[in-house]
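Participant: sequence first, then the predicted structure:
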Amino acid sequence: MSLTSQLLRNGLFALATLTTAFASRDGWTADYDAAKKQAVSEKKDLLLDFTGSDWCSWCIKLDKEVFQQDAFKTGVKGKLVLVELDFPKDKSKLSDATQAQNEKLRGDLKIKGYPSIVLCDASGKPYAQTGYQKDGPEKYVTLLTSLMEVRAKRDAAFAAAAKASDPVEKAKNLVAGLKTMDAELVENCYADVTAKIAELDKSDASGFVKEQKDAAAKKEAAEGVMKGLQEFMQAKVMPLMQAKDFDKAYATAQEYLKANPSLADDIKIDLSLNIGLPRFVEKGDADGANKFIDEIVTAYPNHPIAKQGEQIKQQVKAHIEKAKDQPPVAPKPE
C-alpha cells in the first residue's frame with residue numbers, strides 16, 4: 001500500500017471516529033465527557049436528552065417542536081451544553097463506545113422512559129428533570145430557566161453546610177439542599193449526601209432520616225401492591241379477556257377492587273375502564289359504553305378523569321366505527 005493510500009485511509013478512519021462523537025443535531029454533542037469539559041470551561045450546565053430518535057414519537061415531537069426551533073437555540077445559548085443520548089432501533093447510527101456510554105448513563109440516572117430531559121451541573125450531578133412539554137420553544141426555555149434556579153438554591157444550601165461548624169447544622173443545610181429537588185431524583189442520585197446527613201445528625205434532629213425510612217417503606221408497600229395486581233391480572237383476568245369473556249373478567253376485577261379498597265383511585269379507574277369497556281366495544285354498543293364512562297366520571301368527580309370523559313367517549317366511538325368497517329374474520333377450520 002502506498003504512503004498516500006495509508007494517509008488517506010488513516011485520515012478517513014480518524015474522521016469517521018471523530019464524527020461519532022457528535023449528535024445528528026446542530027449544536028448538540030453525543031460525547032458526554034467532552035460535554036462536561038466544555039461545561040466546566042464555559043461555566044454552563046448540561047442538558048441531557050435521553051431519546052429514541054427513530055422510534056419514540058414524543059421524542060420526535062419534542063425535537064421538531066422545540067429543539068429544532070431558533071427560539072430554543074437562542075434561549076439556551078450561553079447557558080447549556082446540549083448532549084444527545086440516543087437509543088435508536090438502528091444501532092448502526094452509533095459507535096460501540098457511544099452505545100456503551102449511553103447505557104451507563106441510563107443506568108446511573110435510572111432513566112425509565114423517553115424522552116427524559118435531565119439538567120446537570122458541570123460535574124454531571126443532576127438537579128432537575130422533565131420531558132416532553134407542549135406550547136413550543138419559548139415556554140420550554142422558560143421551564144428550563146426555572147429548573148436551572150433549582151441548582152442555585154441547592155448550591156447555596158450545600159455551601160452553607162460546608163461553612164457550618166456544628167454537625168447538626170451541617171446536616172440541616174444538606175437536607176435543605178436536597179429539598180430543593182425532586183424526591184425521586186434525590187433517591188436515585190444523592191445517596192452520598194443522604195448517607196452524610198445520617199452520619200452528621202446521629203439523633204435525627206432534622207427528622208430527615210425518619211422521613212427517608214417512611215418514604216422507603218411506603219414505596220416498598222406500593223411496589224408490593226403493584227406486584228399483587230400484576231399477578232392477579234395475569235392469573236385471573238387476562239385468560240378471561242383472551243377468551244373474550246368480558247363480563248366475567250369485569251366481575252372478577254370488581255371483586256378484586258372490593259377486596260382491596262385502599263388501592264389508589266388511578267388504579268381503580270384504570271382497572272375499571274380497561275376491563276369494563278371491552279364489554280361494549282366488542283358488541284359495538286356505543287351508548288352502553290357512554291353510560292359506563294359517565295358512571296366512572298360520576299364516581300370520581302375530583303379526579304382528572306372527570307374532565308376526560310368526552311375524550312374517552314370519542315375514542316371509543318372511533319374504535320367501534322373502525323371495527324365496523326373491517327371485514328369479518330372467517331373462523332379457522334378445526
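Facilitator: Okay, I see it. Residues are numbered from 1 along each chain as shown.
Participant: drop to CA atoms for contacts and neighbour counts, all remaining ones
Facilitator: OK.
Participant: what is the rounded mean pLDDT of stretch 126-139?
Facilitator: Across stretch 126-139, pLDDT averages out at 96.
Participant: starting at the chain centroid, how far to that stretch?
Facilitator: Centre-to-centre, stretch 126-139 and its host chain are 12 Å apart (C-alpha atoms, centre = their mean, to the nearest Å).
Participant: compute the first-to-last residue distance for it.
Facilitator: From its first residue to its last, stretch 126-139 covers 22 Å (C-alpha to C-alpha, to the nearest Å).
Participant: need the residues that contact it.
Facilitator: Outside stretch 126-139, the residues within contact range by C-alpha atoms under 8 Å, 6 or more residues apart in numbering are 58-59, 62, 65-67, 69, 71-72, 75, 114-121, 140, 147-148, 150-151, 181-182, 185, 189.
Participant: and those, which are buried?
Facilitator: Buried members of these, counted by 16 or more other C-alpha atoms under 10 Å: 58-59, 62, 65-67, 71-72, 75, 114-121, 140, 147-148, 150-151, 181, 185, 189.
Participant: quickly find the element holding the residue most central in space within the chain.
Facilitator: Closest residue to the average C-alpha location of the chain: Gly113 at 4.1 Å, with C-alpha atoms, centre = their mean. For Gly113, there is no enclosing helix or strand under DSSP states H and E.
Participant: for it, what are phi and psi?
Facilitator: Main-chain dihedrals, Gly113, degrees, to the nearest 10: phi -160, psi 170.
Participant: same question, Asp245
Facilitator: Dihedral angles (degrees, to the nearest 10) for Asp245: phi -90, psi 70.
Participant: with Gly207 instead?
Facilitator: Torsion angles, degrees, to the nearest 10, at Gly207: phi 80, psi 0.
Participant: just checking, Gly284 is part of a helix?
Facilitator: No - Gly284 is assigned coil when assessed by DSSP: H, G, I helix; E, B strand; the rest coil, not a helix.
Participant: next, the buried residues of stretch 85-93.
Facilitator: The neighbour-count check on stretch 85-93 (16+ other C-alpha under 10 Å) flags 85-88 as buried.
Participant: average pLDDT for it?
Facilitator: pLDDT averaged over stretch 85-93 gives 94.
Participant: what about it, distance to the chain center?
Facilitator: Taking the mean of its C-alpha atoms, stretch 85-93 sits 19 Å from the chain's own mean (C-alpha atoms, centre = their mean).
Participant: so, low pLDDT: which residues of this structure?
Facilitator: Flagging of the chain using pLDDT under 70 yields the residue ranges 1-24, 326-334.
Participant: could you pull out the strands for it?
Facilitator: In the chain, the segments counted as strands under DSSP state E are 28-29, 45-51, 80-86, 116-120, 126-130.
Participant: looking at those, which is closest to Phe232?
Facilitator: For Phe232, the closest of the strands of the chain is strand 116-120, at 31.0 Å, according to C-alpha to C-alpha.
Participant: now do that closest one: distance to the chain's middle.
Facilitator: With C-alpha atoms, centre = their mean, you get 10 Å for strand 116-120.
Participant: ok, now stretch 272-290?
Facilitator: Per C-alpha atoms, centre = their mean, the centroid offset for stretch 272-290 relative to its chain is 30 Å.
Participant: same question for stretch 38-58.
Facilitator: In terms of C-alpha atoms, centre = their mean, the centre of stretch 38-58 is found 15 Å from the chain centre.
Participant: quick check: buried residues in the top helix by length along the chain?
Facilitator: Longest helix of the chain, by residue count under DSSP state H: helix 136-163. Buried positions in helix 136-163, judged by neighbour count with 16+ other C-alpha under 10 Å: 136-138, 140-141, 144, 147-148, 150-151, 153-158, 160-161.
Participant: before we move on, what about stretch 270-285?
Facilitator: Neighbour counts using 16+ other C-alpha under 10 Å place 271-273, 275-281, 284-285 of stretch 270-285 among the buried residues.
Participant: now do stretch 160-177
Facilitator: 160-161, 168-177.
Participant: next, format these as JSON lines and append distance to Pro261.
Facilitator: Formatted as JSON lines, the buried residues of stretch 160-177 follow (distance: C-alpha to C-alpha, whole Å):
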{"residue": "Ala160", "distance to Pro261": "46"}
{"residue": "Ala161", "distance to Pro261": "44"}
{"residue": "Val168", "distance to Pro261": "42"}
{"residue": "Glu169", "distance to Pro261": "43"}
{"residue": "Lys170", "distance to Pro261": "43"}
{"residue": "Ala171", "distance to Pro261": "40"}
{"residue": "Lys172", "distance to Pro261": "38"}
{"residue": "Asn173", "distance to Pro261": "40"}
{"residue": "Leu174", "distance to Pro261": "39"}
{"residue": "Val175", "distance to Pro261": "35"}
{"residue": "Ala176", "distance to Pro261": "36"}
{"residue": "Gly177", "distance to Pro261": "37"}
